[in-house]
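A.B. asks: Kindly generate the corresponding structure for this input.
(2 chains)
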Amino acid sequence: MIEVERVDYVRVPVTDMAEANQFYGEVLGLRRNPNSPADDWVEYEAGNVTLAVMTPHTHDDDFVPLPPATIALRVPDVVAARTQLESVGLEVAEMWDSGRCRGVGVTDHAGNRILLHHRYAPYSDGTLP
Amino acid sequence: MRESRLIDAERVDFIAVPVQDRERAARFYGETLGLRRNPNSTETWVEFETGNVTLALVDPPAAGQPFVPLPFGSIVIRVPDVDVARARLEEAGVEVVGETWDSGVCNGAVFRDSEGNGLAVHRRYAPYNDGTLP
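C.D. replies: Below is the predicted model:
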């Protein structure tokens, strides 16, 4: 067993940093960490965890997108978020509702599908996430 | 049209970890990595807590999707000491890939979980330019 303190970052592979900065910084509205180390490795703060947006091809690696819906971003209102994204012409997937939470996928320019998510039903112990 | 702060993202609810064998993966995350299993997990939706963000084991074939593992170094876990963590992972039979890297500000080692997902153990030891440490 190892001693895990937290997740430092999730690596988000992209193909074009300008497009990615627009998507993660402006569309998703995440705060850019001013301590980001390089133009091809920009860190965005998603509240509880860092998303390290980077180009694999400048880091001796091949680009492979994250599997669909790897990152579930909590939004206050999934329907409103979907409407907002559609209003600027972004392609969003069909919204789903599991009976406890709902979500909708939006794809960045590199092909990573981000899940916008909100759980509205409490857990069996009565708490909400 | 300018797409400006359209979405009010609050936090990451979970990182989905694709698995091929839920039991095997649960052993890996619970025992090899020693993460706490969220008591609100169900039989088909199992969550592990890392301290700041939830890892959710997902079974893509059960949802009609192909299994595709997380790429190289996708989830980067903070540990007190990378060398110690690497040695413990290797003792547990985990595939640690390549040499431990050292960027001058942090070090780390990449490995694969029981399902082939790309993870890493990591420690930043140098402060940022503003003097703070993560």
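A.B. asks: Residue 98 - how many residues pack around it?
C.D. replies: Picked chain A for this. 10 (other Cβ atoms under 10 Å in any protein chain shown). (Glycine included, C-beta is placed from N, CA and C.)
A.B. asks: wrong one, chain B
C.D. replies: When neighbours are counted by other Cβ under 10 Å, B:G98 comes out with 9.
A.B. asks: Which SSE is immediately downstream of the strand or helix carrying B:V97?
C.D. replies: Element membership for B:V97, per DSSP states H and E: strand B:95-102. Per DSSP H and E, the first helix or strand lying C-terminal to strand B:95-102 is strand B:106-112.
A.B. asks: Strand partners (parallel or antiparallel) of that next one?
C.D. replies: The strands beside strand B:106-112 in its sheet (DSSP bridges) come out as strand B:95-102 (antiparallel), strand B:118-124 (antiparallel).
A.B. asks: shouldn't B:F72 be in contact with A:D60?
C.D. replies: No. Assessed by Cβ atoms under 8 Å, B:F72 is found out of contact with A:D60, at 10.4 Å.
A.B. asks: between these two, who's got more neighbours?
C.D. replies: Neighbour tally, B:F72 and A:D60, criterion other Cβ under 10 Å: the higher count belongs to B:F72, 20 against 6.
A.B. asks: Quick check: chain neighbours aside, which residue is closest to the more buried one?
C.D. replies: Once flanking residues are discounted, B:F72 sits nearest to B:G118: 4.3 Å by Cβ to Cβ, 6 or more residues apart in numbering or on different chains.
A.B. asks: Roughly how far does the residue nearest to B:P69 when sequence neighbours are not counted sit from B:A9?
C.D. replies: Among residues not flanking B:P69 along the chain, B:G116 sits closest, at 4.2 Å (Cβ to Cβ, 6+ apart). Here B:G116 is placed at a distance of 29 Å from B:A9 (Cβ to Cβ, to the nearest Å).
A.B. asks: what about the closest residue in space to A:F23 that isn't next to it in sequence, neighbour count?
C.D. replies: Leaving aside its chain neighbours, A:F23 sits nearest to A:D108 (4.7 Å; criterion: Cβ to Cβ, 6+ apart). Number of residues near A:D108 (other Cβ under 10 Å) recorded here: 23.
A.B. asks: pretty sure A:D108 is touching A:V14, no?
C.D. replies: Yes. Applying Cβ under 8 Å as the test, A:D108 and A:V14 come out as touching, 6.7 Å apart.
A.B. asks: Common neighbours of these two, please.
C.D. replies: Counting by Cβ atoms under 8 Å, 6 or more residues apart in numbering or on different chains, the common neighbours of A:D108 and A:V14 are A:A20.
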